[in-house]
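Enquirer: show me how the following folds:
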Amino acid sequence: MRTILVLVVGIVIGAAAFWIYTTKEGKSTARTTGEQIESTTKSARDTIQDKLRSFNLRPEDIKGDLERTGRVVREKSRQAGQAIADATADARITGAIKAKLIANRDLSAMRISVNTTAGVVTLSGSVDTPEAVGKAMLIAMETEGVNQVVSTLQVSMKNGKS
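Expert: Sure thing, here's the model as predicted:
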């Protein structure tokens with residue numbers, strides 16, 4: 001019974017994702033989300049490369065140390081590991097929040113943009129009610145690794161009603 005329920009939920013989520021992706025707005029949102037993820041990934045990669053360079057952890061540095069002494073020793077390697085973890089954490093946080101927004105029927109993940117930097121989440125875009133701003137912020141605040149949530153969400157009433 002549980003397997004059937006999981007299967008049905010999976011089919012429903014898959015159908016919803018397919019429907020969203022096939023609409024013009026969905027394709028635009030998917031493209032925007034993809035660009036945000038790509039930008040965050042590039043930022044994380046650049047941060048990692050900078051840290052590797054600053055701690056002399058590039059392949060040529062390690063190869064030289066191994067040839068000279070047979071071992072590699074760096075004093076601040078723990079801090080470099082933390083910087084790498086921080087950079088990838090932002091991408092994970094953004095993805096987790098977007099997934100929660102997609103799963104929430106009361107909010108449109110296509111109309112809400114999520115950006116995370118050093119654990120600070122910025123929500124932008126538009127929602128239908130002031131309550132939706134609170135819901136979106138709550139979703140972000142309840143996500144592991146989030147230190148602060150900043151909302152620039154605008155309330156735009158449906159069908160032009162104020």
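
Enquirer: let's verify G125: helix, strand, or coil?
Expert: Following DSSP: H, G, I helix; E, B strand; the rest coil, we place G125 in the strand state.

Enquirer: cool, V149 as well?
Expert: When classified by three-state DSSP, V149 comes out as strand.

Enquirer: which residues does it bridge with?
Expert: On the basis of DSSP bridges, V149 is bridged to V121.

Enquirer: ok, it touching T143?
Expert: No: in this structure V149 lies outside contact range of T143 using CB atoms under 8 Å: 9.1 Å. C-beta here means a position set from N, CA and C on the backbone, and glycine is covered the same way.

Enquirer: anything in contact with each of these two?
Expert: V121 (CB atoms under 8 Å, 6 or more residues apart in numbering).

Enquirer: quick one: the host helix or strand of R31 to strand 120-127, angle?
Expert: Using DSSP states H and E, R31 sits in helix 24-54. Interaxial angle, helix 24-54 versus strand 120-127 (axes from the mean of the first three to the mean of the last three CA atoms, to 10 degrees): 170 degrees.

Enquirer: tell me which residues of helix 24-54 are tucked away?
Expert: Within helix 24-54, the residues that count as buried by 16 or more other CB atoms under 10 Å are 26, 29, 33, 36, 40, 44, 47-48, 51-52.

Enquirer: mind putting these in JSON lines, pLDDT and distance to L7 included?
Expert: Converted to JSON lines, these look like this (pLDDT from 0 to 100; distance: CB to CB, whole Å):
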{"residue": "G26", "pLDDT": "62", "distance to L7": "24"}
{"residue": "T29", "pLDDT": "70", "distance to L7": "27"}
{"residue": "T33", "pLDDT": "76", "distance to L7": "26"}
{"residue": "Q36", "pLDDT": "82", "distance to L7": "31"}
{"residue": "T40", "pLDDT": "81", "distance to L7": "33"}
{"residue": "A44", "pLDDT": "79", "distance to L7": "35"}
{"residue": "T47", "pLDDT": "79", "distance to L7": "40"}
{"residue": "I48", "pLDDT": "76", "distance to L7": "39"}
{"residue": "K51", "pLDDT": "70", "distance to L7": "44"}
{"residue": "L52", "pLDDT": "68", "distance to L7": "44"}
